[in-house]
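[1] This is a predicted model, with the sequence first.
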Amino acid sequence: MQRTAAKRIPNYRRVHDALQQLGVDTAPLYRSLHIREEDFDAENGGVTMAAHLELLNRAAEQLQDPYLGISIAQTRDIANLGAVGYMARSAPDFGRAMTIVDSYLELVTPGSSSGLINHGDSSTWTYEVEGFAPEQCRHEVEMTLMQFVNSVRELLSLPDWRPLETCFRHSPPERVGPIQAGFSERLTFNHSFNGVSFPTGFLTMSTSNADPQLLQVLEQQVQRSISQLKRGINLRDRVSFLISSQIGQTDISAESIAARLGMSRRTLHRRLADQGTSVGKLRDIVVFQIAKEVLVDTSVSITQLAQQLGYSDASAFDRAFKRLSGQTPQAFRRNAET
């Protein structure tokens with residue numbers, strides 16, 4: 001449990017924003033859990049899984065909302081998964097999208113795991129937080145399973161779809177009505193795993209935003225970085241991999257990368273400086289490489305590409321791209337076509 005408890009969830013700003021949106025007075029909770037604002041702000045360092053789970057539990061008590069996880073899920077979509085979310089959105093069918101999520105979930109929520117169980121006519125997507133008792137994970141699990149349901153609805157354009165069955169390892173609340181409203185009437189508690197069941201036929205259904213070319217570009221970038229990591233090569237490649245895994249987020253920073261590597265920001269800065277680089281420079285290289293490939297190999301609009309790469313708007317992306325290449329994205333695409 002210790003290893004999982006100490007793992008840090010990156011890009012924690014999205015959870016903070018959701019809690020604020022729901023009216024949680026976060027300041028006293030952060031103080032009591034020794035969570036620093038810089039752990040999730042623009043200087044994002046990540047929050048440990050143990051602190052995250054306890055924060056959700058205390059926030060639920062403060063709001064007197066036993067269904068906090070479901071409430072948070074309603075403020076988020078698959079894009080909150082960063083590069084993994086954009087890859088899933090671009091997948092040609094739902095089965096491929098699920099394979100992507102299962103393969104890369106550790107990059108988004110370290111210490112968790114997911115999988116697919118095929119029962120024949122139905123299948124179940126499972127989700128577990130490793131090393132914690134079911135009651136500790138109640139809100140995290142309900143949040144994630146609700147996000148899965150919302151992702152099915154988004155990816156397959158089925159806004160009214162409801163699961164065949166939803167299973168939870170934790171015990172039932174006093175009132176199950178709100179959970180049934182979010183999922184479906186068929187709920188099972190104190191189960192051997194957490195999961196959402198759906199028709200197996202969904203796996204071969206086309207997704208609403210399928211873009212095989214964009215998927216290929218994003219996946220090649222992540223796979224290149226993973227291959228480098230497996231070969232155990234230098235720090236700059238490990239940092240490039242972590243940046244790739246967070247593409248689509250606006251708060252990639254030295255703090256977030258250092259936390260994932262288990263070192264201080266100062267140590268990371270010094271070791272990268274010894275190699276003649278920095279987190280900012282490596283982020284520019286990774287983003288620029290992806291941008292060039294997308295501009296050449298796909299018809300994705302400049303505005304969409306800017307959003308997918310984590311820029312606040314197209315003009316910010318234009319400026320960054322021109323600084324790195326000497327030309328605008330539009331000019332680069334035109335020149336590549338000639």
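    Yep, it's here. The structure presented is a predicted model; accordingly, all values stated were derived computationally and were not measured. Numbering: from 1, shown residues only.
[2] Isn't Glu54 up against Leu33?
    Yes - taking contacts as C-beta atoms under 8 Å, Glu54 lies within contact range of Leu33: 6.0 Å. To be clear about C-beta, it is placed using only N, CA and C from the backbone, and glycine gets the same treatment.
[3] what about the helices in the stretch 1-150 of the chain?
    With helices called from DSSP state H, counting those that start in this stretch, the stretch 1-150 of the chain shows them at 2-6, 13-21, 26-33, 49-63, 68-73, 83-90, 94-108, 138-155.
[4] for the stretch 201-338 of the chain, what spans make up the strands?
    For the stretch 201-338 of the chain, none of the segments meets the definition of strands by DSSP state E, counting those that start in this stretch.
[5] got any ranges where it has weak pLDDT?
    Segments of the stretch 201-338 of the chain classed as low confidence (criterion: pLDDT under 70) are 224-234, 245-246, 248-251, 260, 262, 338.
[6] try it again with 80
    Scanning the stretch 201-338 of the chain for pLDDT under 80 picks out the ranges 220-238, 240-253, 256, 259-263, 293, 297-299, 308, 310, 312, 336-338.
[7] where do the helices sit along it?
    Under DSSP H, counting those that start in this stretch, the stretch 201-338 of the chain gives helices at 212-230, 235-245, 254-261, 265-274, 279-297, 302-308, 314-325, 329-337.
[8] Comparing these, which stretch has the densest surroundings?
    Per residue and on average, the most neighbours among these fall to helix 254-261, with a mean of 23 (mean count of other C-beta atoms under 10 Å).
[9] contacting residues around Ile117?
    With contacts taken as C-beta atoms under 8 Å, 6 or more residues apart in numbering, Ile117 has the following neighbours: Ser123, Thr124, Thr126, Gly195.
[10] just to revisit the earlier point, closest to Glu174 out of the helices of the stretch 201-338 of the chain?
    Taking C-beta to C-beta as the measure, the helices of the stretch 201-338 of the chain were each checked against Glu174, and helix 254-261 came out nearest at 37.8 Å.
[11] still on that earlier bit, kindly reformat the helices of the stretch 201-338 of the chain as CSV containing distance to Leu116.
    Rendered in CSV, the data for the helices of the stretch 201-338 of the chain read as follows (distance: least, C-beta to C-beta, whole Å):
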stretch, distance to Leu116
helix 212-230, 19
helix 235-245, 21
helix 254-261, 27
helix 265-274, 36
helix 279-297, 28
helix 302-308, 26
helix 314-325, 35
helix 329-337, 37
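[12] Setting aside sequence neighbours, what's the nearest residue to the most centrally placed residue in the chain?
    When the chain is reduced to its mean C-alpha position, the nearest residue by C-alpha atoms, centre = their mean turns out to be Leu81, at 2.0 Å. Computed as C-beta to C-beta, 6 or more residues apart in numbering, the closest residue to Leu81 that is not its neighbour in sequence is Val108, at 5.2 Å.
[13] Check Phe332 too.
    Nearest in space to Phe332, with sequence neighbours left out and distances taken as C-beta to C-beta, 6+ apart, is Leu295 at 5.7 Å.
[14] That neighbour: what's it in contact with?
    Under the criterion of C-beta under 8 Å, 6+ apart, the contact partners of Leu295 comprise Leu305, Pro329, Phe332, Arg333, Ala336.
[15] try 10 Å
    Contacts were defined as C-beta atoms under 10 Å, 6 or more residues apart in numbering; by that measure Leu295 touches Val217, Ile302, Leu305, Phe321, Pro329, Gln330, Phe332, Arg333, Arg334, Asn335, Ala336, Glu337.
[16] Format those residues as TSV; extra columns: distance to Arg283.
    As requested, those are arranged in TSV below (distance: C-beta to C-beta, whole Å):
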residue	distance to Arg283
Val217	17
Ile302	19
Leu305	16
Phe321	13
Pro329	17
Gln330	22
Phe332	19
Arg333	22
Arg334	26
Asn335	24
Ala336	23
Glu337	27
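[17] Looking at the residues you listed, which is nearest Val24?
    When the contacts of Leu295 are ranked by distance to Val24 (C-beta to C-beta), Leu305 comes first, at 34.1 Å.
[18] Quick check: nearest residue in space to that closest one, chain neighbours excluded?
    Leu305 sits nearest to Val294 (C-beta to C-beta, 6+ apart), 5.5 Å away.
[19] Do I have it right that Val222 meets Ser103?
    Yes - with contacts counted by C-beta atoms under 10 Å, Val222 reaches Ser103, the gap being 9.4 Å.
[20] Cool, thanks, talk later.
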